[in-house]
Structure formats: structure tokens, C-alpha cells
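Enquirer: here is my input, please return the structure:
(3 chains)
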Amino acid sequence: MATTTAAKTRTEILISGFGGQGVIRMGQILGLCAIKQGHRVTMLKSHGTETRGGYVRAQLVISPEYVDSPVVEHADVFVAFSAPAYKKFYDCCSGRILYDPELVETIRADAPERHVAVPATALAKARFNNVLFANMIMLGALTRLAGLDYEAMKRAMLEVIPRFHEQNLAAMDVGYDLPVPV
Amino acid sequence: MNKLAAKYLRPSQIPTKACHGCGIGMIENWILQAIDELGLKQEDVVFGTGIGCVGRQTFATWGGDNFGATHGRALAVATGLKLAQPDKKYLIVVGDGDAAAIGTSHLIHAARRNLGVVVICEDNMGYESTGGQFSPTTPAGYVTNSSPYGMVEPSFDPCDVVKAAGATFVAETTATQWHQTVKIVKRALQNDGFSFVHVRFPCNENFGAYALGTRDTLKNLEWIYEHTQGRKADGGATDFVWETGIKHDASNSRPEFTKLLRDMNARVRAERTAAGAR
Amino acid sequence: MATITRARVAEGLVAPWVEWERRCPKGRRLLEAGTYALTEGAIAAGCRVFAGYPITPATDIAEYMSKRLPQVGGYYMQCEDELAGMHACAGASLGGLKAMTATSGPGYTLMHDAYGWALTNEIPLVVVDAMRVGPISGITGAPGQGEFYVARYCTHGGNFETIVLSPSSVQEAFWLTIDAFNLSERFRTPVTILTDQVVSDMWEDLFLPDADEHLDFVVPRKHNLMMPFYPLGGADLDVPPNIIGRGTGVCVSAYTHTEEGYDIEEMEAQWAQTYRLVNKIRHHRDQLSRYETIGLEDADVVAVAYGADARTVKTAVLEARRQGLRAGFVRPITLWPFLDELYERDCHYVVCELNYDGQLVREVMRAAPDRAKVHFMGKSAELHTVAEVVAGLQGVARAGRIPELPYIWTEVR
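Expert: Numbers count the residues shown, from 1 in each chain, chains lettered A, B, ... in the order given. Okay, the predicted model is just below:
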């Protein structure tokens, strides 16, 4: 995994969007996959009150050593699933930003090379006729981009998500097979 | 000490600290008679109480295991105890403050759950140990040390409350009705569920002195008796009437609360064993 | 009063679970929340009753308990309020079952009545307070550290000591819950686990040891079947708790009591009872030391924090040391009785807390040498960031003060 933060061993991942998009589920799968591979993991989840349309955020830190600070201050990867989340947490990221162009319509001009558009929502609608699979498409894309063990990630997904295994696996494949700039 | 007291109570704690003419000792004696007639032993019964006249006067008098909870919480403690020691009888002897004021929510929910305890609410119609203030069971209009112009609030009947909440045995009696009280307490102890017994008794020192204008024990008892009959000694009608006797008896008609939990546990464990779970 | 001996402060983590971990090689590694770890820790410690009232962020403990307890022959009870919850736990414990309740600040304040009753009657049980930011309801999903003193003075009337422990990770929450149950049995007293919204809601890798049999370091429940029910005046540990329902004739009440448990209004009885309550803890402080330190031998500036906040503060201390600063770190795990011996170094202390009041800092001021300077860095509703604490440590080392930072209350004492 990419490590660009001060503490050399840490990898920080920040995922944020609206409630109901499966942000926490995605973090849970990433975290469990890392644990299965012998890493230490923390995941902070926070949300504004759902009735106000607030954000949901998962902050993951993955490290071979015990993780002290669980706070993501310099994300290596930031997954933006909504325009408000993109705006709110942009400054917490010093690495790659995966964004869904249907939900984050305009991106900041200052660092185009750090941005990767993953049309997860559009693909979920087109391929599965259901936006709920967007998070698994994004997870597939993230696995590819971060160079993670794809088979291990699929096993972690099967352990975390109780139902719709075939469709979720297919959705991960869609994301994993997207052309991603290296 | 009489024979029943010698058999069931703790000699070192008798006599209690009760005031002269207090009805608490008499009612406790009647409760002992009920226990004795049912053939219960000291170790069969856990005695719980609260704070106030009834709490202070009855705590540690029982020869078996005793607890005196914080004010109003005797039933909350008893709920936990009953989970751990389901085979005991629980006599929760509390006052009108414990049962009908500070601890009412626990009373309602113990009734709703059908917790297997007997609550004896010994009601002296006010907070007498703190010097005679009105309580939710003080008759409306009566003068106490915190209602010098007459109590303006309506009073409430805890029997109605626990019946509505689901109690399986509800009865009302007074310190002027010996045989009825013994019979009621026996029936209450035979219900494997929530039993509520409301017993009014006189306080000479405060309620008697301020609401009724007399510290005379007999006059105070007479005033209570008149209100159970609706008729004064002089033949006139009383200002209100207390209906006494068994008000609701659905004894053993639905499962006791902790039994429900034990049955659920047995079901959960059987299902897990069947499913081969660790 | 007898003099209280102070233990030598060790480097690293000092807690019984350092040894327990070595004794438990086999188990499962999971990604789970702090609430899950608190629940599983309680189950492993032999907890068989949970009685409480749901409240964010402790609700998940209630939910996990409702699922787990029936599986192990225990009882989950959802009470009408927190008063009922903790009193029912005390009742269950008196009946011989280990019990726990869990709440947050608004419910914790409602438990003071029951806390005092359990404490006076020496009834073992465990209370979890997952602190959120206040006052009062505050923000339900944001962390706070407002109950540092409330947990110490958890009931009225004075004349008592309390045991309060605070975990800073999901794994530690698991071990510490077992520890809390053990201490509550050994000291015959309620123990508070003072955690916070971050530790309870955070997901983290969690090692759950296999416990087909009981873990051998769990202190089992014993029953005191005879007089004296209350060893008044003494400071003995490991006195078996009293039990109701076995016909011992025990008396348990809210009053000052004799050794039989009878209510009494004599000063000698009052003194004997309260000497027991304070001395059983004061005389055994050596059994209650749990803490973590870094760099105390050479530190010019020592950062102090507990709970989740200690996580970012520790990272900041390591970062400051990397930058060449002689920074140290103290994380008290036992909050009460307060571990004065951790603050004997004559240096600068930077105390980080999730409140603007300055609670922990007052105790550090009291414990630290007269010439030491104690700085307060209070933040509300969010963990300190690493960057903020590094700036604070650097500011103190270079200029003797914490620089101005947005929404951070700083003060030198």
C-alpha cells in the first residue's frame, strides 16, 4: 500500500458520502481484509444526523504495527461519494482521490493528477439497475488502484455482507476491471 | 415477644423504633400470621423495604435475609434479585412514598412484567418520618404540614394503577381489618406473579394530629374504619369511602417475569445446540 | 491514616493484561467495535446479568448483551430507567450473579443513587460510562471527557473511594472489562469503566481468546455465608461478597450499618464503616496501578491524556521526539484512585482533555512537584489532532507556552 504520511508504516483511507450508500460496509470489508492479512486496523465512523441529510465518514488506518492515532489527517486514498463530503474532507487527503462523477460534479483544479473518476453510480444503474451496488464497484476500483490482494478482498466481502453475494462479486469485478491510471 | 415474632423475627431488632400507637408493628404481625399459616420458613422469604416510616421500622426485623433499598427502588433491586434467586418469596414492604410517589415507575413496570413479588404498601397517608407532609395518597383537602390550607391535589389509588399495568393480584385493606388482611396476604403469597396489597394504617403523631386533630390511637383507627364503611359512629355518612377487599385476582394466570426469561434462555440454548453452534 | 506507598513508575504499558495476552495464544482476530469488546469482555469475565436503559453511544452494548447473555445462560433486562437498571444490577449481584450496566453521561448521573447503595453495601458490579460531549445531551455522536470527577464523586455524602478505569482501544476495552470485574470482586465495590464515544463506536482489530473453559485469570464469584457481613474498620481484600437468598440472615441497607448490617446512628459505627470504604482502596493502591508511559527519564515536556484522546496525543509525542524534542507521554488507565506517582518529574506537563473545564489537569497540578509547570490544552467534541499536540509540545519546549490554536482552550498553571 502507498505510504506517504509522517508515520511511515501507516496507510490512511478516508471514505465519505451520504447515509445509505454503504460507506461503512466498504470500510468494514477493507479493514477485515487487512486484518486477515495480519495487519492492525482502526476504523472511526462518524455521521451527521441522517434526517438532515448529513454525511457518513469512515476513517481507516492500516498498519503492520499497533495504530496509535486512529484519526486520518493525511489520507493516502480518499473515496468521495458526495459533493459535500468531497468539499469537507478534501484537505484531509494528500494522496489519491477516487470520486464518483455523478455525485461529485466539479473537482478542484489544483491537482488533476491526484483525481480518479470512478463512475460507480452510473455503472451500478446500467449493470445492476440498482445504485446500491455502487460501493462494491468503488471497492473493486480501489483494490486495483491501491494494489491490494483482490482475492482476499472478495473473501472479506463475502464474510461481511450477508446477502446478494453473486451480484456483489460481479459489482466488484466491474470496478476492478475499469481502466485505472497507475 | 409473641410466638410468631419469636419464630420469624430478629430479637435484637424488636421492639422497633416505631412511635407509640403506630400501625406498622400490628400489620407486620398479621403478615407473619399469613406466612405461618402457609407453612413458610424464614429462609423461604426475602424481606425487602425502602425508606421512610415503613422502611426504617421494618428493616432487619425479619429473621431471614433483608434488604432496605434507597428510596423508591426496592422493586428495582428485587427485580435483579428475583433473576438470581427465583425460588424465594419476596415480601416488599414499603410505604406510600416508596410505592406511590418516588418509586411509581418501578411499581408500574414490575406489575407489567408480572414480577414474582408481593408488594405490601403500608400507607399512612403522608410522609410522616419527615414530619407529616402530604403524599399522593393523602385524601384531597386534608391538612398536613405541607398543605396547611388543605391539599389541593387530587389523590390517586395505587390499586387502580397496578391493575391497569397488569398486576395479577390486587387487594386493599386497612389496619382495622385483621382477618381480611391475613386472608389477603395469604392469597398474595400464593400468586406466582405480581401481587399488590394496599394497607392503610394510622399515624398518630402527624397525620392524626394535623389532619384529624387527634393523637389518640383508637380515634385514628376509628376514623379509618368509618371510611371503610362509609358511615361515621354517629350514623352520618363519611366524606368518602374506601372499598376494601380483593379488587382483582388473576393469580397464576400468566407466566412470572423471570420464568419468561429462563424459558427464553432454554429455547435459545436448545436452538444453538441443535444448530451445532459453539 | 497509614502512609501510602508509591510504586516505582515503569516505562511502557503496566497492566495485568500484558501478562494475560501471553497466556492466551489461541483465539480469533476480528474487526469489531468497542461496544462489542466491552460486551465480550464482560461475558468472558462471567457477567450474567445486564440491566440498563439504551443511550447513545452505549446502546450497542445493550443490543449485544441482549443477544449474547441468553446464549450463556444469563439475563438481559431493559429497565424503565437508569435508576432501575443499576439497582437491578445490584440486586442481581446480591443474588450471586455478576452484573453490568452501560450508559452515557445523562444516564450515569441518574445512577448515583444506586452507585452509593452498591458502594456502601460492598456489592461488586461494573458500570460503563461511554462519555459524549455535553453538558446534558450535547451531541450524541461526539466524544467528551466530562465525567472525570463525576466518576470519582459518583454519589453523595462523601467518605468513600472509587475505582475508575479508562481504556483507549477496542482491544484494551476487552481486557480492561475483565480487569474491572476482577477488581469489583476483590474490592467488593462497583467499578466504573469510563470510556468515550470514540472507543465505544470505533472499529478495530480485536483478538478474542478462546474461552471454552473459563479464563484462569478471571476472579470467580464467591459467597460470604457468615458474619461479619461487613468487616468494618478493616482494609482486607478478597472478602467474599454477601449473598441474599441463601438464608444467611444478611442485612443490606442504605443506612450506616453494623457488621451484621443493622442500621445504627452512632459515630463509632460511622467511622468504622467509612474507614473500611476508604482504606480498602487506599491501602491497596499498588494493586490498582494501570498506565502507559514513554520517555519519562529524559522528558522536558510530558503530554498527559487518557481514553481515545491519548491515541492522537501518543502519536504526537512520538512525532515530537522524531523532530528532536525531549517529549514524554503519560496515559493513566486507572483514573481513580489517582496515580500521583506518574507526575513526580520536575518538567512541563501538557494535559490534553476533551473538555474546556480542565478536570484531569487539576489532579496533575496537585500531584506534580511545586516547580513543575502544568499546561492545559482542552478541546471539545473532537480528538486533538496530532498536528495540534505537536504544536503545543513545541510551543512549550521553545517558548514555555502553548500557541493560540482555534477552538482549543489553553492555560498555564
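Enquirer: spell out which residues of the stretch 1-150 of chain B are next to chain C.
Expert: For the stretch 1-150 of chain B, the residues in contact with chain C (Cβ under 8 Å from any Cβ of the partner chain) are B:10, B:12-13, B:42-43, B:46, B:51, B:56, B:59-60, B:63-71, B:73, B:76-85, B:88, B:105-106, B:108-109. To be clear about C-beta, it is placed using only N, CA and C from the backbone, and glycine gets the same treatment.
Enquirer: and with 7 Å instead?
Expert: Residues of the stretch 1-150 of chain B found near chain C (Cβ under 7 Å from any Cβ of the partner chain) are B:13, B:42-43, B:46, B:51, B:59-60, B:63-70, B:73, B:76-81, B:83-85, B:88, B:105-106, B:109.
Enquirer: now do chain A
Expert: Listed as neighbours of chain C in chain A under the rule Cβ under 7 Å from any Cβ: A:6-7, A:28, A:31-32, A:35, A:40-47, A:68-71, A:73.
Enquirer: from chain B, how far off is the nearest residue to residue C:326 once chain neighbours are set aside?
Expert: The shortest distance from residue C:326 to any non-neighbouring residue, by Cβ to Cβ, 6 or more residues apart in numbering or on different chains, is to residue C:300 (4.5 Å). In this view, residue C:300 and chain B are 50 Å apart by Cβ to the nearest Cβ, to the nearest Å.
Enquirer: then residue A:40?
Expert: Per Cβ to the nearest Cβ, residue A:40 is found 26 Å from chain B.
Enquirer: who's in contact with that residue?
Expert: Residues in contact with residue A:40, defined by Cβ atoms under 7 Å, 6 or more residues apart in numbering or on different chains, are A:63, A:65, A:66, A:67, C:205.
Enquirer: do I have it right that residue C:326 meets residue C:302?
Expert: No - if you go by Cβ atoms under 7 Å, residue C:326 and residue C:302 don't touch, sitting 9.7 Å apart.
Enquirer: tell me the secondary structure for residue C:346?
Expert: On the three-state scheme (DSSP: H, G, I helix; E, B strand; the rest coil), residue C:346 is labelled coil.
Enquirer: count of neighbours near it?
Expert: 10 (other Cβ atoms under 10 Å in any protein chain shown).
Enquirer: output the contacting helices and strands for whatever helix or strand residue C:20 lives in.
Expert: If you go by DSSP states H and E, residue C:20 is part of helix C:17-23. With contacts taken as 3 or more Cβ pairs under 7 Å, 6 or more residues apart in numbering or on different chains; DSSP states H and E, helix C:17-23 sits against helix C:170-187.
Enquirer: let me see the mean pLDDT of the helix it packs on.
Expert: For helix C:170-187, mean pLDDT rounds to 98.
Enquirer: what about that helix, near chain A?
Expert: No - against chain A, helix C:170-187 shows no contacts by Cβ under 7 Å from any Cβ, the least distance being 8.1 Å.
Enquirer: run the chain-centre distance for that helix.
Expert: What separates the centre of helix C:170-187 from the centre of its chain is 9 Å, taken as Cα atoms, centre = their mean, to the nearest Å.
Enquirer: send the alpha carbons of whichever helix or strand comes after it over as PDB?
Expert: Per DSSP H and E, the first helix or strand lying C-terminal to helix C:170-187 is strand C:190-196. What follows is strand C:190-196, C-alpha atoms only, in PDB (Å, rounded to 0.1, in the frame of the first residue of the first chain):
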ATOM      1  CA  PRO C 190     -18.700  -1.100  41.900                       C
ATOM      2  CA  VAL C 191     -16.100  -0.300  39.300                       C
ATOM      3  CA  THR C 192     -16.700   2.300  36.600                       C
ATOM      4  CA  ILE C 193     -15.300   1.900  33.100                       C
ATOM      5  CA  LEU C 194     -15.000   5.400  31.900                       C
ATOM      6  CA  THR C 195     -14.800   5.200  28.200                       C
ATOM      7  CA  ASP C 196     -15.900   7.600  25.400                       C
END
